[in-house]
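>>> what follows is a predicted structure for the sequence shown.
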Amino acid sequence: GSIEFVHLGCLRYWIRGRLNLTDGASGGSYFYRPLACELCKATYPTYVHMAQDRVPLVEVPRTTPPFIVLENLVRDSQQHATRGLHVISLAEKVLKLGRGHDSDVRIADVSISRCHAMIRYSQGNFVLQDNDSKFGTLVAMKKPRQL
């Protein structure tokens with residue numbers, strides 16, 4: 001048998017399942033990571049060509065504003081599976097960062113507290129608040145990025 005040709009709809013369905021993408025749940029929040037073919041390990045493209053059009057391989061959920069995008073930077077080559085982007089709606093909620101199971105963004109690092117920090121949207125601004133963590137909170141950003 002050959003898997004040279006795959007139905008686009010079937011591939012999209014499989015990728016949505018692997019990324020746990022759902023429609024409308026949790027304000028459209030999700031974690032996006034690049035996926036690779038399980039057989040040849042080639043990374044799937046972000047876009048595909050259909051006739052004359054360039055379309056996204058996977059349609060991601062519409063995220064309810066205000067939302068924030070956090071990049072998961074990985075220091076260890078062993079954790080390559082967790083590299084990706086957290087897209088999180090802050091509509092009527094506070095985002096919890098930490099290593100605890102109840103965290104919205106889980107960070108598996110011994111220097112991170114169980115409930116390390118929180119991000120909320122207040123009066124038109126995103127506010128990062130350290131939750132009295134042992135080592136404090138570092139923001140690895142040179143300047144704010146307006147989108």
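Cool, got the structure. The structure presented is a predicted model; accordingly, all values stated were derived computationally and were not measured.

>>> how about the strands in the protein?
30-32, 47-50, 53-56, 67-72, 84-89, 95-98, 105-106, 117-122, 125-130 (DSSP state E).

>>> and the contacts of the fourth one?
Contacts made with strand 67-72 from outside it, assessed by Cβ atoms under 8 Å, 6 or more residues apart in numbering, are listed as 27-29, 31, 33, 82-91, 95, 105, 119, 126. Every C-beta, even on glycine, is put in place using the N, C-alpha and C of the backbone.

>>> check the last one too.
Applying Cβ under 8 Å, 6+ apart, the contact partners of strand 125-130 are 66, 68, 90, 116-121, 136-137, 139.

>>> can you say which of these are buried?
68, 90, 116-119, 121 (16 or more other Cβ atoms under 10 Å).

>>> shaky segments in the protein?
Judged by pLDDT under 70, the chain has its weakly predicted residues at 1-3, 23-26, 74-82, 141-142, 144-147.

>>> at 80 instead, please
Per-residue confidence for the chain (pLDDT under 80) gives these ranges: 1-5, 22-28, 72-83, 92, 138-147.

>>> okay, now Asn131: neighbour count?
14 (other Cβ atoms under 10 Å).

>>> that one contacts Arg114, doesn't it?
No - the criterion here is Cβ atoms under 8 Å, and Asn131 misses it with Arg114 at 9.3 Å.

>>> overlap in contacts of the two?
Common neighbours of Asn131 and Arg114 (Cβ under 8 Å, 6+ apart) are Gly98.

>>> helices of the chain, start to end?
8-18 (DSSP state H).

>>> how about JSON lines for the strands of the chain, with distance to Lys41 added?
Below are the strands of the chain laid out as JSON lines (distance: least, Cβ to Cβ, whole Å):
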{"stretch": "strand 30-32", "distance to Lys41": "19"}
{"stretch": "strand 47-50", "distance to Lys41": "19"}
{"stretch": "strand 53-56", "distance to Lys41": "22"}
{"stretch": "strand 67-72", "distance to Lys41": "20"}
{"stretch": "strand 84-89", "distance to Lys41": "17"}
{"stretch": "strand 95-98", "distance to Lys41": "31"}
{"stretch": "strand 105-106", "distance to Lys41": "26"}
{"stretch": "strand 117-122", "distance to Lys41": "35"}
{"stretch": "strand 125-130", "distance to Lys41": "36"}
